[in-house]
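>>> Predicted model and sequence below, questions to follow.
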Amino acid sequence: MNTIIKTFKKMTPLSKAAIAGILISSLGTFMFMPYVSIYISDLGYRASFVGVVLLMFSISQQGFTFFGGYLSDKLGTKYICLAGLSIRIAGYIMFLFSLNKALIIMSAVLVGLGGALITPSLKVTMSIGNEEIRSSVFALRNTVINFGAAIGPILGGVLYVYSINAIFLSAAILHVLVFLLIARKKQIVVEAEEKGNLPSPSIWAIFNDKRILYLTFAVSFFYFLYVQFNLSVPIYIKDFYHKPELSGTLFTFNGILIIVLQYPVMIFFQKKFQDHIVLVLGMFSLACAFITLVLSETILILFLFTFLLTLGEILLPPTLDNIATKLAPKKLMGSYLGFMTFSFMIGGGLGSLIGGYGYEWGSDHNIRLLWMLYSLVGLAGASLIWPVKKFLKESAQESIKEDAV
């Protein structure tokens, strides 16, 4: 706790507001997400339409985060964040009146687009001015988000007893509070001298950077495996252990581990190892998680699997954000952070598609062989991440030249 307080004190005023805002908005987002499906179902729509709504939400948020990052580079992180908050607030309020398919989809898209603007702009806000403690700040960000993810659904459940509209209205009010919090703080930008010497950022510049393209591809292996925790593993528990309720216990275990261990574990590894090694260790931990499923079919093994998977989850995302900021030119930081969401879209998308067919094959033939194949995917991902060491050295040299201009 003392190290968290020390990190928070060292942060810039705007990034402190951003952390507080992330906590508040996470509570609002995660009190909303578990119950929107119930709301749509209660209106009499089929599960297939619920899937369409969630897909549109995912596409509007994950698919446009890169453009949100680019806009934050061009127009300023604070103002893009405020625009995203305004759009998301409008989406939550529109849900109060969404009684037909068109309005429901439009509301979901607005909530998603708002998130696409908020996420990269806040990441850049927490990066600028906090260079010496950047890795600690990103670890703190993940801790705060996961705290919201754990508490938000509980608050949503309490509000749902009264009315689903209470959830939508509360989520909107919480985001209004974040808007007011961010609006009061002064914008932090790249120094004027640097802006004058650096060329105007081009949205195509990132596609010419083979380093960020390679990193995005390599990290997609992590998300390919991680989605199996939500897809293949729960079905495996139901089919082979005949205890479907055990999945909920493992999800709770995962959430508690992240809240308790995210910051101290991340800080420990960042002090002991270089960034690229932390990434490799995170991927290797995930590979080991699937190896445990090969060894035995006991409940204890499931908890060991979840622990190793959670360790990978703790290490990889904040380190990835930190590396992206190091690879990015100063005026394209938001674009680079936004671009990294494509690793989730690629890996998570393929993981969902292949994972379903893969589990059917494994359950019909040899489930342990499937887990072994997934562990090999993890090891392949770890080996692909190793060249990032070279990228970071190149980026450090470019940064020195850039500062000398």
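Sure thing, it's come through.
>>> Give me the nearest residue to the residue positioned nearest the centre of the chain, chain neighbours excluded.
For the chain, the residue nearest the mean C-alpha position is Pro317 (7.0 Å; CA atoms, centre = their mean). Nearest residue to Pro317, sequence neighbours excluded (CB to CB, 6 or more residues apart in numbering): Asn142, at 6.1 Å. Using the backbone N, CA and C atoms, a C-beta is placed for each residue, glycine as well.
>>> Leu23 too?
That would be Val144: by CB to CB, 6+ apart, it lies 4.7 Å from Leu23.
>>> Per-residue pLDDT of the one you found, please?
At Val144, the model reports a pLDDT of 89.
>>> repeat for Asn197
At Asn197, the pLDDT value in this model is 50.
>>> picking that back up, residues in contact with the residue nearest to Leu23?
For Val144, the contact set (CB atoms under 8 Å, 6 or more residues apart in numbering) comprises 19, 22-23, 26.
>>> which one of the residues you listed has the most neighbours?
Counting neighbours by other CB atoms under 10 Å, Ile22 leads these with 24 neighbours.
>>> next SSE after the element among helices and strands of the chain having the smallest mean pLDDT?
The helix or strand of the chain with the poorest confidence is helix 192-197; it has a mean of 44 (mean pLDDT, DSSP states H and E). Per DSSP states H and E, the first helix or strand lying C-terminal to helix 192-197 is helix 210-226.
>>> buried sites along that next one?
211-212, 215-216, 218-226 (16 or more other CB atoms under 10 Å).
>>> tell me which strands and helices it is in contact with?
Packing partners of helix 210-226 (3 or more CB pairs under 8 Å, 6 or more residues apart in numbering; DSSP states H and E): helix 275-295, helix 299-327, helix 333-339, helix 341-364, helix 367-385, helix 388-404.
>>> Could you export the ones you listed as JSON lines, including mean pLDDT and distance to Lys6?
Compiled in JSON lines, the helices and strands packed on helix 210-226 are given as follows (pLDDT from 0 to 100; distance: least, CB to CB, whole Å):
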{"stretch": "helix 275-295", "mean pLDDT": "96", "distance to Lys6": "21"}
{"stretch": "helix 299-327", "mean pLDDT": "94", "distance to Lys6": "17"}
{"stretch": "helix 333-339", "mean pLDDT": "91", "distance to Lys6": "25"}
{"stretch": "helix 341-364", "mean pLDDT": "89", "distance to Lys6": "30"}
{"stretch": "helix 367-385", "mean pLDDT": "96", "distance to Lys6": "30"}
{"stretch": "helix 388-404", "mean pLDDT": "66", "distance to Lys6": "26"}
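>>> Got the confidence number for the closest residue to Phe391 other than its chain neighbours?
With CB to CB, 6+ apart as the criterion, Phe391 has its nearest non-adjacent residue at 4.2 Å, and that residue is Arg211. pLDDT, Arg211: 92.
>>> and the gap between Arg211 and Ile93?
Arg211 sits at a distance of 42 Å from Ile93 (criterion: CB to CB, to the nearest Å).
>>> Figure out which of the helices and strands packed on helix 210-226 is closest to Glu132.
helix 299-327 (12.2 Å; CB to CB).
>>> Could you pull out the buried residues of that closest one?
Of the residues in helix 299-327, 302, 304-327 count as buried by neighbour count, 16+ other CB under 10 Å.
>>> what angle sits between it and helix 210-226?
Angle, helix 299-327 to helix 210-226, by axes from the mean of the first three to the mean of the last three CA atoms, to 10 degrees: 160 degrees.
>>> what's the neighbour count on the closest residue to Pro234 other than its chain neighbours?
Of all residues not flanking Pro234 in the chain, Ser247 sits nearest, at 4.1 Å (CB to CB, 6+ apart). Other residues within reach of Ser247, judged by other CB under 10 Å, total 19.
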